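Trainee: model the following, please.
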Amino acid sequence: AGNPRFAAFWAEAAVGRHGEDRKTIRHPAIGEVSVDCDVLTDGDTDLKIVAYTAVPGSEDESKLELAGIISTSRNDA
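Mentor: Residues are numbered from 1 along each chain as shown. Next up is the predicted model:
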C-alpha cells in the first residue's frame, strides 16, 4: 500500500511465481513467532523476494516488529 510502483507490478502479476506458506520461527531473544511467508520469484533468474508478515494487531506482529528493532540495533552497534 505504501509503494504505488510495487502495487502496480503486483496487480499485473509481473512476478514469475508466487508461493505462500505459514511458518513458525524461533527467535533466540523473543521466542516463537508465527508468520505468513510470501516468496516471489522471477522465472528468468534466481532472484527471490521473501516477505514475512503477521496478522495485524496480533502478538506475532508485535514480536516481528521487535525482531526488526533488535536486528537493527545490533547492526548499528
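Trainee: would you mind measuring from residue 38 to residue 9?
Mentor: Applying C-beta to C-beta, to the nearest Å, the value for residue 38 to residue 9 is 14 Å. (Glycine included, C-beta is placed from N, CA and C.)
Trainee: what's the answer for residue 35, then?
Mentor: Here residue 35 is placed at a distance of 22 Å from residue 9 (C-beta to C-beta).
Trainee: flag the shaky bits of this structure, pLDDT-wise.
Mentor: Where the chain drops to pLDDT under 70, the residues are 1, 13-16, 73-77.
Trainee: go through it and flag its longest helix.
Mentor: In the chain, with assignment by DSSP state H, the single longest helix is helix 59-76.
Trainee: who touches that one?
Mentor: Contact with helix 59-76 is made by 27, 29-31, 33-35, 52-55, as judged by C-beta atoms under 8 Å, 6 or more residues apart in numbering.
Trainee: swap in stretch 48-56?
Mentor: If you take C-beta under 8 Å, 6+ apart as the criterion, stretch 48-56 is touched by 23, 25, 33-42, 60-61, 63-64.
Trainee: mind doing that once more with 10 Å?
Mentor: 6, 15, 17-20, 23, 25, 33-42, 60-65, 67-68 (C-beta atoms under 10 Å, 6 or more residues apart in numbering).
Trainee: doesn't residue 40 lie inside a strand?
Mentor: Yes - under DSSP: H, G, I helix; E, B strand; the rest coil, residue 40 falls within a strand.
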